[in-house]
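Chemist: Got a predicted structure here, sequence first:
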Amino acid sequence: MKKFLSLLKEKIAGIIAELVRKGDKSPAAEEAPLRSPSELKILAEVLKGTIEKNPTDLKALYNLGEVYMKMHRYGDAISPLRELVKVDPEHKSGRL
């Protein structure tokens, strides 16, 4: 039984080490850019202009929905995300 527990501890330690190693490659939450409300408002306007020029721009539709959610304007986020799903029904992030 002690040998089994020892092997189990080694296996778990290896899994944890692997997860930590993989986690080192991803940006920490502190490194993610935080935007002020005024920056979000400007970004929303820029994205709306991009969508007016190209209504099927998937990236702009998704980003506009995300910006609205960060601004806590959830009702406004529905429209660009709906359009995104109309253009690309398989878009996983847009379907959330």
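Modeler: Received, thanks. Numbers count the residues shown, from 1 in each chain.
Chemist: C-alpha from now on. contacts and neighbour counts both.
Modeler: Fine.
Chemist: How far off centre is the lengthiest helix in the chain?
Modeler: The residue-count maximum for a helix in the chain (DSSP state H) belongs to helix 2-23. Centre-to-centre, helix 2-23 and its host chain are 30 Å apart (Cα atoms, centre = their mean, to the nearest Å).
Chemist: now swap in stretch 71-90 and tell me
Modeler: With Cα atoms, centre = their mean, you get 14 Å for stretch 71-90.
Chemist: Can you give me the buried ones in that stretch?
Modeler: Neighbour-count burial for stretch 71-90 flags Met71, Ala77, Ile78, Pro80, Leu81, Arg82, Glu83, Leu84, Val85 (criterion: 16 or more other Cα atoms under 10 Å).
Chemist: What lies in contact with it?
Modeler: For stretch 71-90, the external contacting residues (Cα atoms under 8 Å, 6 or more residues apart in numbering) are 37, 40, 56, 58, 61-62, 64-69, 91, 94-95.
Chemist: Kindly recompute the last result at 6 Å.
Modeler: With Cα atoms under 6 Å, 6 or more residues apart in numbering as the test, stretch 71-90 has contacts from Leu58, Leu61, Gly65, Tyr68, Gly94.
Chemist: Now for these: which two are most distant?
Modeler: Greatest spacing in these, by Cα to Cα: Leu58 and Tyr68 (15.6 Å).
Chemist: ok, back up a step: nearest to Ala13, of the contacts of stretch 71-90?
Modeler: Of the contacts of stretch 71-90, the one sitting nearest to Ala13 (Cα to Cα) turns out to be Gly94, at 36.8 Å.
Chemist: List the backbone torsions phi and psi for Met71.
Modeler: Torsion angles at Met71 (phi, psi; degrees, to the nearest 10) stand at phi -90, psi 0.
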